[in-house]
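Visitor: pasting the structure only:
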C-alpha cells in the first residue's frame with residue numbers, strides 16, 4: 001500500500017466502504033489493504049477486542 005488514497009476505509013456513520021480518506025477521522029476505521037477487509041471492519045475490531053481482553057485476563061491471572 002503506497003498511499004492513503006489507495007487504502008480502504010470503513011465509515012462507521014454511514015456504514016459504507018471507500019477507497020481513500022473520504023470521511024472524517026472520527027468516523028473512519030482503517031486503513032485496510034483491500035475492500036473485503038474494510039467491509040469486515042466491525043468484525044475485525046470485535047475479534048481484536050476479544051483477543052486483547054483475553055490477553056488482559058491472562059496477564060491479570
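Guide: Okay, I see it. Predicted, not measured: the structure shown is a model, and the values here were computed from it.

Visitor: Select the longest helix from this protein.
Guide: Identified as the longest helix of the chain according to DSSP state H is helix 41-60.

Visitor: Can you tell me the SS state at residue 10?
Guide: Following DSSP: H, G, I helix; E, B strand; the rest coil, we place residue 10 in the strand state.

Visitor: from memory it sits against residue 29, does it?
Guide: Yes - shown here, residue 10 and residue 29 form a contact pair, counting by C-beta atoms under 8 Å, at 4.4 Å. All C-beta spots, glycine's among them, are computed from the backbone N, C-alpha and C.

Visitor: Please identify which of these two sits among more neighbours.
Guide: Taking neighbours as other C-beta atoms under 10 Å, residue 10 and residue 29 compare with residue 10 leading, 25 against 17.

Visitor: about what we covered before: distance from the longest helix of the chain to the middle of the chain?
Guide: 14 Å (C-alpha atoms, centre = their mean, to the nearest Å).

Visitor: List the buried residues for that helix?
Guide: Going by neighbour count (16 or more other C-beta atoms under 10 Å), the buried part of helix 41-60 is 41, 44.

Visitor: Quick one: mean pLDDT over that helix.
Guide: What helix 41-60 shows for mean pLDDT is 95.

Visitor: So what touches that helix?
Guide: Helix 41-60 has contacts (C-beta atoms under 8 Å, 6 or more residues apart in numbering) with 10, 12, 17, 29-30, 32, 37.

Visitor: now, the most widely separated pair of those?
Guide: With distances taken as C-beta to C-beta, the most widely separated pair in these is 12 and 37, at 15.3 Å.

Visitor: ok, then the element right after whichever strand or helix holds residue 18?
Guide: Residue 18 belongs to strand 16-19 when elements are defined using DSSP states H and E. Using DSSP H and E, the helix or strand that follows strand 16-19 towards the C-terminus is strand 28-32.
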